[in-house]
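Trainee: build me a model from this:
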Amino acid sequence: MQDKTFDAFNEQTRQFFEPMRKLNSLMLQNMERVSEYQMESLKRYSQMGTERLRDATEVTDAESLRDFGTRQAEMMNALSQQMLEDARTLGEMSLQFKAELEQLYTESGQAFAEQAGQAAEAAKPAAAAKPAAAAKPTAEKSEAAEKPAPAKSTSQATRKRSGGSAS
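Mentor: All right, here's what the predicted structure looks like:
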């Protein structure tokens, strides 16, 4: 008897926390994807910066400075293109995460509605049995409800007057 009750409790607890577990898992996966992408982007940007510094150290005369300036302009164009691509990719990741969240909320809502429907169906037979028993008010119950119980005093003054201990 206790095993069935305990198993039922465990199952209800699992069902209760399942949507939160799925949400946490989804959020963790999204954080991993975004963090990994940002680390790759940071690596690309730092490599571009390092290459620019190496090129700058190779400037020795006016002609190499002019070439460095030209390469610098090309690199800035490539950098802006890379940043736009990164922003677009992060936007797509956000939209994918939003879609996954919406799907999770829809599934959780449907599961909750099904559980509520099952609980309502299970409550109908129990509710039908209770009105029959509650429809028979007894005379004893109504008299007891009308007569208040006598109050017991427990003050020290009352105990002294009675000459003993109050119970």
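Trainee: so where's the protein uncertain?
Mentor: Low-confidence segments of the chain (pLDDT under 70): 1, 126-167.
Trainee: mind listing the helices in it by residue range?
Mentor: Here the chain has its helices, by DSSP state H, at 2-57, 62-134, 139-146, 156-162.
Trainee: can you lay out these as CSV showing mean neighbour count?
Mentor: Bear in mind the C-beta positions are built from the backbone N, C-alpha and C, glycine included. As requested, the helices of the chain are exported to CSV (neighbours: other Cβ atoms under 10 Å):
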stretch, mean neighbour count
helix 2-57, 11
helix 62-134, 11
helix 139-146, 9
helix 156-162, 10
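Trainee: middle-most residue in this protein, spatially?
Mentor: Residue closest to the average C-alpha location in the chain (Cα atoms, centre = their mean): Met20, at 5.2 Å.
Trainee: kindly provide the distance from that one to Tyr105.
Mentor: Distance of Met20 to Tyr105, given as Cβ to Cβ, to the nearest Å: 12 Å.
Trainee: again with Glu63
Mentor: 63 Å.
Trainee: now swap in Asn30 and tell me
Mentor: To Tyr105, Asn30 is 15 Å away according to Cβ to Cβ.
Trainee: chain center to stretch 79-98, what's the gap?
Mentor: Mean-position distance between stretch 79-98 and its chain equals 25 Å (Cα atoms, centre = their mean, to the nearest Å).
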